[in-house]
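Engineer: Show me how the following folds:
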Amino acid sequence: MSQWWKKTLGQSLNSSGVSSFLNVAAREHHLALPHLSVPDFRWIDWSELERLGFRGVVLDKDNTLTAPYSFSLFPSLSGSLVQCQAVFPGKVAVFSNSAGLYQYDPDGSEARALEESIGGIHVIRHGLKKPAGSAEEIEKYFGCPASNLVMVGDRHFTDVVFGNRNGFLTILTEPLCLSMEPFVVKQVFILKKILSMYVFSI
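Structural biologist: Sure thing, here's the model as predicted:
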């Protein structure tokens, strides 16, 4: 299997995410429920979040900020990202299961490429894939507890579960673009959606 396929499947078929799904499905349904749901982050009122006392924003990368495996900001999101940075100057960062994750980006080259592409927004380096791990690296970067921060991502069982476990305000977006995903990954998305509907109906 090529390195690209190993990386692609490793990022998408997240074993800790599967374990989290089973645990959440069995005992902790509430962790997968976001505080807010929007079509994409253009729908988020950044000024209102700042007015409510939040001090920073943490963004997922793939299918939230960029197309999958891309280092370029999804074109339609540029205006909202500029607005987010204006409301939270120096307090916007990316926390991803691809760029910045030591397992797939050991030398930080992908994190640096993403930072350059999205106007210097910091990519937080970390060792465990969401939803595993704590918010320690994030809190250290922002200098405040996770309860003062907003987590934005497109996956219930990684971004939302991680955010809720660690005390963030969680905002779920719809995936930006599934067309670039390999066939097997698309099937995983469909399966997760079906399973999510079952879990949330319990």
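
Engineer: So what does F54 have for phi and psi?
Structural biologist: Here is the backbone geometry of F54 (degrees, to the nearest 10): phi -70, psi 150.

Engineer: Setting aside sequence neighbours, what's the nearest residue to it?
Structural biologist: Residue nearest to F54 in three dimensions, not counting chain neighbours: V150, with 5.3 Å by C-beta to C-beta, 6 or more residues apart in numbering. All C-beta atoms are positioned from the backbone trio N, CA, C, and that covers glycine.

Engineer: could you say which helix or strand contains that neighbour?
Structural biologist: Here V150, judged by DSSP states H and E, is contained in strand 149-153.

Engineer: List the contacts of that strand.
Structural biologist: With contact meaning C-beta atoms under 8 Å, 6 or more residues apart in numbering, strand 149-153 is reached by 41, 44, 49, 54-60, 64, 95, 130, 138, 142, 159-160, 162-163, 168-173.

Engineer: Report the rounded mean pLDDT for it.
Structural biologist: Average pLDDT, strand 149-153: 98.

Engineer: That strand pairs with which strands?
Structural biologist: The strands beside strand 149-153 in its sheet (DSSP bridges) come out as strand 56-59 (parallel), strand 169-173 (parallel).

Engineer: Tell me what the residue nearest to F54 is bridged to.
Structural biologist: V57, L169.

Engineer: how much space between it and L33?
Structural biologist: Distance of V150 to L33, computed by C-beta to C-beta, to the nearest Å: 16 Å.

Engineer: higher neighbour count, the two?
Structural biologist: Ranked by neighbour count (other C-beta atoms under 10 Å), V150 and L33 place V150 first, with 26 against 16.

Engineer: Contacts only, for the residue nearest the centre of the chain.
Structural biologist: Nearest residue to the geometric centre of the chain (C-alpha atoms, centre = their mean): D60, 2.6 Å. Neighbouring residues of D60 by C-beta under 8 Å, 6+ apart: V94, F95, S96, N97, M151, V152, G153, D154, R155, T158, D159.

Engineer: let's go with 7 Å and repeat that
Structural biologist: Applying C-beta atoms under 7 Å, 6 or more residues apart in numbering to D60 gives the contacts F95, S96, V152, G153, D154, D159.

Engineer: buried stuff in stretch 81-101?
Structural biologist: Within stretch 81-101, the residues that count as buried by 16 or more other C-beta atoms under 10 Å are 81, 83-85, 87-88, 91-101.
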